[in-house]
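Visitor: Here's my sequence, what's the structure:
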Amino acid sequence: MNGNSKKIVDELMETCDFCQWLGIEVLEISQGSAVLRMKVRKEMTNSFGIAHGGIVFSLADTAIAFAANSYGIKSVTLEATVSLPKETRPGDLLIAKSKELSLTRKTAIFDVNVTNQDDETVGLFRGIVYRTSQKIK
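Guide: Modelled structure (predicted):
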């Protein structure tokens, strides 16, 4: 892990109550990329007993947030889309891998592939972030 990127993401994790509630673990971080893991819990399910789509969305959005902010520039999501080709259930272990596609002074585009413990794709996510002029302290 890149030292400065890791420090930034550690600070973001420490102050993100939602990330902690989700149970997100940072496996890898470097400028422009992140690999995160989390386990689906019963309280994350909908009326059909499958994980609410917002859970996969939130994990992927967090992967983008950490990858984008790893440069030390405060970045926030402008737009995002997700496809959920396979359901997830309690006990599933999800891995989100973000990949930077484009980086400019003001925006960046990322893809995130979310897989389960069987390496099956459960989420395909694309997000655009706005890169502010503020540095992360």
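
Visitor: gap between the top strand by length along the chain and the chain center?
Guide: In the chain, with assignment by DSSP state E, the single longest strand is strand 121-135. From the chain centre to the centre of strand 121-135 is a distance of 8 Å (CA atoms, centre = their mean, to the nearest Å).

Visitor: Any buried residues in the worst-scoring helix or strand of the chain on mean pLDDT, and which?
Guide: Ranked by mean pLDDT, DSSP states H and E, the weakest helix or strand in the chain is helix 3-14, scoring a mean of 88. Buried residues in helix 3-14, defined by neighbour count with 16 or more other CB atoms under 10 Å: S5, I8, V9, L12, M13. In this view, the C-beta of every residue, glycine as well, is placed from N, C-alpha and C.

Visitor: quick revisit: report all helices and strands that the longest strand of the chain contacts.
Guide: helix 53-69, strand 73-83, strand 93-103, strand 107-115 (3 or more CB pairs under 8 Å, 6 or more residues apart in numbering; DSSP states H and E).

Visitor: and the ones you listed as JSON lines, adding mean neighbour count and distance to L27?
Guide: Shown next, in JSON lines, are the helices and strands packed on strand 121-135 (neighbours: other CB atoms under 10 Å; distance: least, CB to CB, whole Å):
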{"stretch": "helix 53-69", "mean neighbour count": "24", "distance to L27": "10"}
{"stretch": "strand 73-83", "mean neighbour count": "15", "distance to L27": "21"}
{"stretch": "strand 93-103", "mean neighbour count": "18", "distance to L27": "8"}
{"stretch": "strand 107-115", "mean neighbour count": "21", "distance to L27": "13"}
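
Visitor: and the longest strand of the chain, C-alpha only, in CSV?
Guide: Coordinates of each C-alpha in strand 121-135 appear next as CSV, following Å, rounded to 0.1, in the frame of the first residue of the first chain:
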residue,chain,number,x,y,z
THR,A,121,-19.8,-10.6,-10.4
VAL,A,122,-22.6,-9.2,-8.2
GLY,A,123,-22.2,-5.5,-9.1
LEU,A,124,-20.9,-3.4,-11.9
PHE,A,125,-20.5,0.3,-11.0
ARG,A,126,-19.4,3.4,-12.8
GLY,A,127,-18.9,6.7,-11.0
ILE,A,128,-17.8,10.2,-11.8
VAL,A,129,-16.2,12.3,-9.1
TYR,A,130,-15.7,16.0,-8.8
ARG,A,131,-12.2,16.9,-7.6
THR,A,132,-12.4,20.0,-5.4
SER,A,133,-9.5,22.4,-4.9
GLN,A,134,-9.3,21.4,-1.2
LYS,A,135,-6.5,19.2,0.1
